[in-house]
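Peer 1: What follows is a predicted protein model with its sequence.
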Amino acid sequence: MDENYQSVHVNFQDHPVPNAPLESLTQVKKNHLRKYMIALNKNSPRTIKRKVASIKAYYNFLEFEEVIIDTPFRKIKLNIKIEKLLGSSQGHLQFKNTEKGFVKFLQILNDTPLVVMETTGYYHYRLAQFLHKKEQIVSVVNPLSVKHFIQMKLAKVKTDKSDAKAICEYGLTQEVPLYNALTDVQSECLQLFRLMDNFIKKRTATKNKLHGEEVLGIPSKYVYRSLKRDKKHLDKELKGIEEKLLSLVKQDQQQQLTLLQSIPGLGLKTALFLIVVTDGFKKFETASQLCSYV
């Protein structure tokens, strides 16, 4: 075998072509290539088309250089079907962010779709959970990543339609993370933490107002008493949220909670927070990943 072509030929042999030991370029026949095409079926149509084009060009070159007499591709007909994107065949579709809208959206999906959406606070959550329960492949991506992707394409128009198309292209060209649906306990814990964070901010604002009234000498006793009642109500609500969170975490992550509370200086609130936002530390593989996230 010619040394100039040996490395490329070895790469071809490395592909999963069953029962086809190739010792020289002249031994590559039509049946070998057919088996190779079958092995390529696990890839996407675009990947298959690219790989076939590369090998075809390679063997055409070998024929031109008279390394081989005839390229085996000459007797093979290929028909590679690339499916159209949903938007290109049906236009820009809109659905309501309700159960009925989700069902209509599900009905138009093909057999093996990948649904890619941006993280949009509350609005993406119901759809992602719905599709995951229906055993659809879902990916929820960072809006900042999509924004940078759009900027790299130098796109000037920004509409809902152009954004949807950009997210679709992002999902096709980039490696996107698969969505892991939350359990009912995880979902409720996250909601409770959001509510607790909101109430803590309100209580801090109320405390500041109370301090301001005291500095002014309490010019209005009604306002002062109203602020006191507001603070008392917030204290009661926050206590109830913490008790509910504790019961839920004990139900789902008792061992993690015990381990965290054994660390000196780590309080109950911090332990609960770490368990909920990290899903019991299952979301991260290293300590540095956790530090970057928190």
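Peer 2: In hand now; what should we look at? Numbering: from 1, shown residues only.
Peer 1: which strands and helices sit next to the helix or strand where residue 60 lies?
Peer 2: Assigned by DSSP states H and E, residue 60 falls within helix 45-64. Applying 3 or more C-beta pairs under 8 Å, 6 or more residues apart in numbering; DSSP states H and E, one finds that helix 45-64 contacts helix 3-14, helix 30-40. In this view, the C-beta of every residue, glycine as well, is placed from N, C-alpha and C.
Peer 1: Next, give phi and psi for residue 124.
Peer 2: phi -80, psi -20 (degrees, to the nearest 10).
Peer 1: From residue 214, how far out is it?
Peer 2: Distance, residue 124 to residue 214, using C-beta to C-beta, to the nearest Å: 45 Å.
Peer 1: cool, and residue 230?
Peer 2: 15 Å.
Peer 1: Compare neighbour counts for those two and give me the winner.
Peer 2: Counted by other C-beta atoms under 10 Å, residue 230 and residue 214 do not tie: residue 230 has more neighbours, with 16 against 10.
Peer 1: any idea which element that one lies in?
Peer 2: Secondary structure (DSSP H and E) places residue 230 in helix 221-261.
Peer 1: Give me the distance from the very next helix or strand once past that helix to the chain's centre.
Peer 2: Sequence-wise, the next helix or strand downstream of helix 221-261 (DSSP H and E) is helix 268-278. When distances are taken as C-alpha atoms, centre = their mean, to the nearest Å, helix 268-278 is centred 23 Å away from the chain's centroid.
Peer 1: Could you list the residues in contact with helix 268-278?
Peer 2: The contact list for helix 268-278 (C-beta atoms under 8 Å, 6 or more residues apart in numbering) reads 186, 189-190, 193, 242, 245-246, 249, 253, 256-257, 260-261, 281, 284, 290, 293-294.
Peer 1: what's the distance between whatever helix or strand comes next after that helix and the middle of its chain?
Peer 2: Later in the chain than helix 268-278, the nearest helix or strand by DSSP H and E is helix 287-293. Counting by C-alpha atoms, centre = their mean, helix 287-293 is centred 18 Å from the centre of its parent chain.
Peer 1: In terms of secondary structure, what does helix 287-293 contact?
Peer 2: Counting by 3+ C-beta pairs under 8 Å, 6+ apart, helix 287-293 packs on helix 268-278.
Peer 1: in the helix it packs on, what counts as buried?
Peer 2: 271-278 (16 or more other C-beta atoms under 10 Å).
Peer 1: Tell me, what's the model's pLDDT at residue 228?
Peer 2: On the pLDDT scale, residue 228 is placed at 94.
Peer 1: That one and residue 209 touch, don't they?
Peer 2: No: here residue 228 lies out of contact with residue 209, judged by C-beta atoms under 8 Å, at a distance of 10.4 Å.
Peer 1: between those two, which one's more packed in?
Peer 2: Between residue 228 and residue 209, counted using other C-beta under 10 Å, residue 209 has the larger neighbour count: 16 against 13.
Peer 1: which one is the more buried one nearest to, not counting chain neighbours?
Peer 2: Excluding the flanking residues, the one nearest residue 209 by C-beta to C-beta, 6 or more residues apart in numbering is residue 227, at 5.5 Å.
Peer 1: again, but for residue 246
Peer 2: Distances taken as C-beta to C-beta, 6+ apart put residue 272 closest to residue 246, at 6.7 Å, once the chain neighbours are dropped.
Peer 1: and what of residue 131?
Peer 2: That would be residue 138: by C-beta to C-beta, 6+ apart, it lies 4.9 Å from residue 131.
Peer 1: Count the residues that sit near the one you found.
Peer 2: Neighbour number of residue 138 under other C-beta under 10 Å is 22.
Peer 1: now it, which residues is it bridged with?
Peer 2: Counting by DSSP bridges, residue 138 forms beta bridges with residue 115.
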